[in-house]
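A.B. asks: Need coordinates for the following:
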Amino acid sequence: MKRYWLCGCALVVAAAWNLGCGKSSPYTSKELSAEQRTAGFMERAEEHPLDLHAFLEGMPKGADLHNHLGGAVYAETWIRDAAEDGLCVNPASDSFEKPAGASSCAKGDVPASQAFKDQHLYDSLVNAFSMRAFVPFNGITGHDHFFDTFGKFGAVSSSHTGEWLDEVATRADAQNEQYLELMVTPNFAHTAAIAKEIGWSDSRSFGEFRDQLLAHGLREDIALARSFLDQAEGIRRSREHCGEGQQASACRVEIRFIYQVLRAFPKEQVFAQTLLGFETALVDPRFVGINYVQPEDDHTAMADYALHMKMVGFLHGLYPKVHITLHAGELAPELVPPDGLCCHIRLAVEEAHAERIGHGVDVMQEDRPYDLLREMAAEHVMVEINLTSNDVILGVSGEEHPLMEYRRFGVPVALSTDDEGVSRIDMTHEFFRAVETYRFNYYELKKMVRTGVEHSFLPGASLWQDPDVFKHVTNACLADSLGGENPSESCADFLKSSEKAQQEWELERRFHAFEANH
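C.D. replies: Okay, the predicted model is just below:
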């Protein structure tokens, strides 16, 4: 993959690697900075895809801010866990079901453990639980197959959550990721029940409905969410031996959680669960924000979208410290009528006060798209970019994807995985795809990595003075070497005060180590 602009702005780097367009270089590699040498190394690696993949796998990737835990688990894990749970497989639908009796499967079903003896069954389940080998058939699109997967393995017990955290953290660590914000949905059955009991009324204000829900004991479900994380994190720490002499390197991966709200349900349930999400995030710092999930083109989600944004906006006014990221614009022409593309991203930004947008694929089909792009840039609303997901679900890729439009208008962007298990990818794959498709150089990738950590929902001030401009650090660390092991007293005090700055400092340490090897 050659870059024909090498003879221009990148001449110095190219020359250092004997790519100087036929001229000998006046520079030696020692006279270039470590960052420049690394950029040159990546230039050469791009000529050989396997070398490029190896380079990107080792490159610091910072944060994955758009990652559904349920979708991040690989199919092989679902099969193993289903066997441990004693579940059955319905061969007709390739889905897990609970036994009909104490231990026997319904007629026609087979034990999940049978998959380890039947390779055909095993392969069929892997394909059913992921996008592996998928080809559209009988009207089933990539969109439909993708979202259908979740119901197929949904019977697996959530008691395995700690194992899933370990799986995702271990994979992230192997690729030099350091921070994850994982979307999860704790048990909210009690909240859904009281919401149904009270019911929805168009004549009742959000404030009145909130008061009724709280009076009926909605906050009782907060304890369930907290114990859910306590158990899961305990299992993860045990599996990785965190805090012990032989702890796994995956312990280095910091994890926080985004509270998922299911938007394809009746209005009263969506409002109640949204309220529960805000209440939970207010008291448990492990939940750093909320998000709405489920297909955006779902009939209920489309019909109630504007109302949902008003719900979030209302609750934001009561819980201003709770961060908001929203799936918005995960749509494409023909998936919904033209008027369905008008304004989801705009409503998420202006009505719901979203600080980040997940996907944002249909931005150029929205009303006044250039005004919206300028507004997002001015407000530093970041977009979580999911290239593979957008391709397999929406059929949007390459020049049809708005990534380059966001960058052209200065909207902050960062790469993320969405559902890496279902898509059969990892973060390295997304970096590789971005470079192959858009010819990003090392400096551009590095900026996106910094952007991801900068826009994390971790508490504390940023290490950088100006939002999304990674040139000048805070005055407290101005005299320090970025990412150094022995920061000055003023810098050390500042880092102690900010979890976000700690992660940004760690990222710079990793960049320094990575670049020193190139």
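A.B. asks: And the helix or strand where Gly421 lies, what does it pack against?
C.D. replies: Using DSSP states H and E, Gly421 maps to helix 420-423. Using 3 or more C-beta pairs under 8 Å, 6 or more residues apart in numbering; DSSP states H and E, the elements in contact with helix 420-423 are helix 69-72, helix 142-152. C-beta: built from backbone N, CA, C; applies to glycine.
A.B. asks: which is the next helix or strand following it?
C.D. replies: Using DSSP H and E, the next helix or strand after helix 420-423 towards the C-terminus is helix 427-438.
A.B. asks: What residues sit buried inside that next one?
C.D. replies: Going by neighbour count (16 or more other C-beta atoms under 10 Å), the buried part of helix 427-438 is Met427, Thr428, His429, Glu430, Phe431, Phe432, Arg433, Ala434, Val435, Thr437.
A.B. asks: From Ser93, how far off is the first one?
C.D. replies: When C-beta to C-beta, to the nearest Å is the yardstick, Met427 and Ser93 sit 31 Å from each other.
A.B. asks: remind me which residues of the stretch 1-150 of the chain are low pLDDT?
C.D. replies: For the stretch 1-150 of the chain, the stretches with pLDDT under 70 are 1-30.
A.B. asks: quick one, strands of it?
C.D. replies: For the stretch 1-150 of the chain, the strands defined by DSSP state E, counting those that start in this stretch cover 62-68, 88-90, 95-97, 110-111.
A.B. asks: relative orientation of the longest one and helix 142-152 in degrees?
C.D. replies: Orientation of strand 62-68 against helix 142-152 (axes from the mean of the first three to the mean of the last three C-alpha atoms, to 10 degrees) gives an angle of 80 degrees.
A.B. asks: so how far is stretch 123-141 from its chain's centroid?
C.D. replies: Chain-centre distance of stretch 123-141: 23 Å, with C-alpha atoms, centre = their mean, to the nearest Å.
A.B. asks: Quick one: residues in contact with that stretch.
C.D. replies: 74-76, 78-79, 89, 91, 94-95, 115, 142, 145-146, 149, 152-153, 392, 421-424 (C-beta atoms under 8 Å, 6 or more residues apart in numbering).
A.B. asks: got it, and stretch 431-446?
C.D. replies: 1, 3, 10, 35, 38-39, 42-43, 46, 49, 52-53, 56, 59, 61, 387-388, 397-398, 403-404, 415, 448, 511.
A.B. asks: cool, stretch 473-485 as well?
C.D. replies: So stretch 473-485 is contacted by 461-465, 472, 487-488, 490-491, 493-495, 501, 505-512 (C-beta under 8 Å, 6+ apart).
A.B. asks: Touching, Ile198 and Pro266? I think so.
C.D. replies: No - look at Ile198 against Pro266 with C-beta atoms under 8 Å: they stay out of range, at 11.5 Å.
A.B. asks: Using the record, which stretches count as separate domains in the chain?
C.D. replies: 11-61, 63-68+158-454, 77-139, 464-516 (automatic domain parsing).
A.B. asks: Go through the ones you listed and pick out the most buried.
C.D. replies: Highest mean neighbour count among the domains of the chain (mean count of other C-beta atoms under 10 Å): domain 63-68+158-454, with a mean of 20.
A.B. asks: gap between the two ends of that domain?
C.D. replies: From its first residue to its last, domain 63-68+158-454 covers 9 Å (C-alpha to C-alpha, to the nearest Å).
A.B. asks: what's the answer for stretch 282-298, then?
C.D. replies: 29 Å.
A.B. asks: follow-up on the earlier one: any chance of the strands of the stretch 1-150 of the chain in CSV, plus distance to Gln294?
C.D. replies: Shown next, in CSV, are these (distance: least, C-beta to C-beta, whole Å):
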stretch, distance to Gln294
strand 62-68, 11
strand 88-90, 23
strand 95-97, 18
strand 110-111, 30
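A.B. asks: Of the ones you listed, give the one that comes closest to Leu276.
C.D. replies: Closest of these to Leu276 is strand 62-68, at 18.6 Å (criterion: C-beta to C-beta).
A.B. asks: Tell me who's in contact with the residue most central in space within the chain.
C.D. replies: By C-alpha atoms, centre = their mean, the chain has its centre lying nearest to His66, at 1.3 Å. Counting by C-beta under 8 Å, 6+ apart, His66 touches Glu181, Met183, Thr325, Gly358, Glu384, Asn386, Ser416, Thr417, Asp418.
A.B. asks: Leu262 is in contact with Gly277, correct?
C.D. replies: No - if you go by C-beta under 8 Å, Gly277 and Leu262 don't touch, sitting 10.5 Å apart.
A.B. asks: The residue nearest to Ile258 when sequence neighbours are not counted and Gln294: what is the separation?
C.D. replies: Excluding its sequence neighbours, the residue lying closest to Ile258 (C-beta to C-beta, 6 or more residues apart in numbering) is Met183, at 4.5 Å. Look at Met183 and Gln294: by C-beta to C-beta, they are 11 Å apart.
A.B. asks: Leu262 now?
C.D. replies: Taken as C-beta to C-beta, the span from Leu262 to Gln294 is 5 Å.
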